[in-house]
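In: sequence first, predicted coordinates after that:
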Amino acid sequence: MTRGLGRVFSGFKRLVTLSVMWSMKHPMYSVPLRSPSVRSMAVLPLPFGKPKDLSLPNATWGPEMMQLYEHYNSLCKVEVEAEGGQKKVPWKRIPGYNRLLKYATGGVYLSKMIQSKARLFTRNIREPGAAFEYALFINSEEEKCVGIWQVGHLLEGPPGHVHGGAIATIIDTVTGCLASLSGAVMTANLNINYRSPIQLGNTVVVESIVDKREGRKKFISCKVTSPDGTKLHTEATALFLSIDINQLLLGR
Ligand SMILES: CCCCCCCCCCCC(=O)SCCNC(=O)CCNC(=O)[C@H](O)C(C)(C)COP(=O)(O)OP(=O)(O)OC[C@H]1O[C@@H](n2cnc3c(N)ncnc32)[C@H](O)[C@@H]1OP(=O)(O)O
């Protein structure tokens, strides 16, 4: 059955092969990819239906997570005056999928070669609520990204509390999302001060802003706090470097 489906896909791909040119809503994924090695892509109606947006609330989200979600989601509906009397909505929720590159706008199905490199681990823990539950909101006017995170039992480090590496992952994701607003980036440096432990099952707010830019470099700072902002859990600074995503995908 699986092999049969595989053959059907291969057939489709041979029929409709294009040079890779894809874009997703986040600007990071608006980078055109044109390369003979990554050209195997078919424009197909998705056979699986729409990809599941994992940054939407699910039954495991607690009241604090829901309250924060509703707050930031409501900001995504607020229009502000822009130049020329036009209106803009500066806040946007970033959808989250289990694979970064599998789905793109317009029903594009990327080649298996690219898919195999495109799994995002924070979105690939099957049991809802067991690890990272999160939603990211970005304000491109203010160059700010806010993540709301509920941390599950699989992230345990010190008994009953979140592992420092998991906190680093959270920070890397939020700062990385902000850094990639204007194109693909890689984390070059992440400097973390752990101020107070985070209890498993709790919800935290992660706020990041761009401090400085120098050529390809973006310097970003970040704070992890309790939902009401009274408790500081973690502070961090990060350096991101813009990269050519073709080189990353092709391993050059
Ligand atoms: C939709 C949902 C979204 C969800 C979004 C989810 C986002 C998740 C984001 C995850 C991002 C990651 O985890 S990325 C994975 C972790 N990171 C990595 O594996 C990166 C590994 N490192 C590298 O690939 C490379 O070292 C790079 C790309 C970072 C830099 O290499 P390069 O491009 O060759 O640049 P290079 O010439 O070395 O350096 C350029 C300039 O930067 C400086 N520089 C380079 N590295 C450093 C450094 N660590 N600390 C200070 N400065 C540095 C150099 O001195 C130089 O300065 P000057 O002489 O010009 O002044």
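Out: Great, that's in hand.

In: got the contact list for P197?
Out: P158, H161, V162, H233 (C-beta atoms under 8 Å, 6 or more residues apart in numbering). (Each C-beta comes from the backbone N, C-alpha and C, glycine too.)

In: now with 7 Å, please.
Out: Taking C-beta atoms under 7 Å, 6 or more residues apart in numbering as the criterion, P197 is in contact with P158, H161.

In: can you pull the buried residues of the strand or helix carrying C222?
Out: Under the criterion of DSSP states H and E, C222 resides in strand 217-225. For strand 217-225, burial by neighbour count (16 or more other C-beta atoms under 10 Å) applies to K218, F219, I220, S221, C222, K223, V224, T225.

In: for A135, see how far away the fourth one is.
Out: Which is S221. 21 Å (C-beta to C-beta, to the nearest Å).

In: ok, now the fifth one?
Out: Applying C-beta to C-beta, one obtains 16 Å for the distance of C222 from A135.

In: where's whichever residue of the stretch 51-200 of the chain sits closest to the ligand, which helix or strand?
Out: Of all residues in the stretch 51-200 of the chain, G176 sits closest to the ligand, at 2.6 Å by C-beta to the nearest ligand atom. Using DSSP H and E, the element containing G176 is helix 164-179.

In: list the buried residues of that helix.
Out: 166-179.

In: all helices of the protein, in order?
Out: For the chain, applying DSSP state H gives helices covering 2-15, 63-75, 112-115, 164-179, 245-250.

In: the stretch 51-200 of the chain against the ligand: which residues are in contact?
Out: Where the stretch 51-200 of the chain comes near the ligand, counting by C-beta under 6 Å from any ligand atom, the residues are I94, G96, D172, T173, G176, C177, M186, T187, A188, N189.

In: run through the bridge partners of A236.
Out: Following DSSP bridges, A236 is listed with bridge partners I192, C222.

In: which residues does it contact?
Out: Per C-beta under 7 Å, 6+ apart, neighbours of A236: I171, L190, N191, I192, C222.

In: burial of the closest residue to the third one other than its chain neighbours, as a residue count?
Out: Nearest-residue entry for N191: T237, 4.9 Å, with adjacent residues in sequence omitted and distances by C-beta to C-beta, 6 or more residues apart in numbering. Using other C-beta atoms under 10 Å, T237 is surrounded by 17 other residues.

In: what sits against T237?
Out: N191, F219, S221 are the contacts of T237 under C-beta under 7 Å, 6+ apart.

In: could you do G157 as well?
Out: H163, G164.

In: and the one 5 residues further on, by the same measure?
Out: Contact criterion C-beta under 7 Å, 6+ apart gives V151, L155, I198, L200 as the residues in contact with V162.

In: tell me how far H233 lies from the ligand.
Out: 20 Å (C-beta to the nearest ligand atom, to the nearest Å).

In: outline the domain layout of this protein.
Out: According to automatic domain parsing, the chain comprises the domains 1-51+100-118, 56-94+125-250.

In: please, where are all the strands along the stretch 51-200 of the chain?
Out: 80-81, 87-88, 91-94, 103-104, 108-109, 132-139, 144-151, 185-194 (DSSP state E, counting those that start in this stretch).

In: apart from its neighbours in sequence, what residue is nearest P95?
Out: D53 (4.5 Å).

In: next, the one you found: phi, psi?
Out: phi -80, psi 110 (degrees, to the nearest 10).
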